[in-house]
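following is a predicted model, sequence given first.
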Amino acid sequence: MKNLLVLLLVVLVAAPSWAQLDRSVSQPRVQALRVIFAPHVSEELDYLADTLRVETVRCLIGVVNGEDATIDLAWQPPIKLSTPNQVEYQSCPLATLAVWHNHPPIPSEAPEYGCYLSATDIREALHERAPPIQIVQVTANVACWWSKWEIAKTGLAPVLFPRGRQRWGRSLLNETVCRAELRHVTACRLLLACERDGQMAETCRPPKPAEDVAAVGRHEGPVPKR
């Protein structure tokens, strides 16, 4: 996220303020938030993404003022387990605006292949107490993000790739695929993500060519986790 301190996200707002406790609102509204990172926070996250070879997590805390959310604290919760493909940690405070975690780059592959949410990430992101934003960073220049609303629209899946507007880094659509037998880049992304996470169940296998073409239209981007 070097030199990129502003990102645009869409979050689900259950009331005029997302923190409001009134559960009676039946028609949630979508609000565009401009999320601004304080320079010291951006520098810290870049450093972690570029140097760590295990996963870690930060609870990003700040204030919301109208359509601007300013993040000025990256707090490390108590971490129970940290490996190259998963991290287990105590929950973030309720004041958390976003959960950030890193994906160490997949060896011998472009760092963009590591930008995705795993099935565990997705389940945790949809928890009622989860913050409205999820961020995955692979290197200082490769990161991706999702709002809770965007994750909820996709439903449960083994892997959730970012769309073009939800990431920093180059597109992989014209990239040489990682396996000679896989002719579609989305299938390659899924395979790499599942191998990284140790998930090779039927639900986490590459799609057939026809399904893959549709998937490219829905999502861009590759997973582990907690």
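Here it is on my side, so go on. Keep in mind the model is a prediction, meaning the values are calculated, not measured.

do a quick rundown of the helices in this protein.
With helices called from DSSP state H, the chain shows them at 39-51, 119-125, 148-154, 185-197, 209-218.

so where is the protein shaky, pLDDT-wise?
The chain contains residues with pLDDT under 70 at 1-31, 156, 170-189, 198-226.

80 - rerun?
1-33, 108, 154-158, 163-226 (pLDDT under 80).

need the strands for it, in chain order.
6-13, 29-37, 57-65, 68-75, 79-83, 86-89, 96-102, 117-118, 133-139, 142-147, 159-160, 167-168 (DSSP state E).

and Leu192, which of those strands is closest to it?
strand 159-160 (9.7 Å; C-beta to C-beta). From N, CA and C alone the C-beta is placed, and that goes for glycine too.

what packs against the closest one?
Contacts defined by 3 or more C-beta pairs under 8 Å, 6 or more residues apart in numbering; DSSP states H and E place strand 159-160 against strand 117-118, helix 119-125, helix 185-197.

most tightly packed of those?
Mean neighbour count (mean count of other C-beta atoms under 10 Å) peaks for strand 117-118 among the helices and strands packed on strand 159-160, with a mean of 29.

quick revisit: how about the strands of the chain in a markdown table, adding distance to Leu48?
Formatted as a markdown table, the strands of the chain follow (distance: least, C-beta to C-beta, whole Å):
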| stretch | distance to Leu48 |
| --- | --- |
| strand 6-13 | 17 |
| strand 29-37 | 13 |
| strand 57-65 | 8 |
| strand 68-75 | 9 |
| strand 79-83 | 12 |
| strand 86-89 | 12 |
| strand 96-102 | 6 |
| strand 117-118 | 18 |
| strand 133-139 | 8 |
| strand 142-147 | 12 |
| strand 159-160 | 22 |
| strand 167-168 | 16 |
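
nearest to Ala125, of those strands?
Taking the strands of the chain one by one with C-beta to C-beta, strand 133-139 is closest: 4.9 Å.
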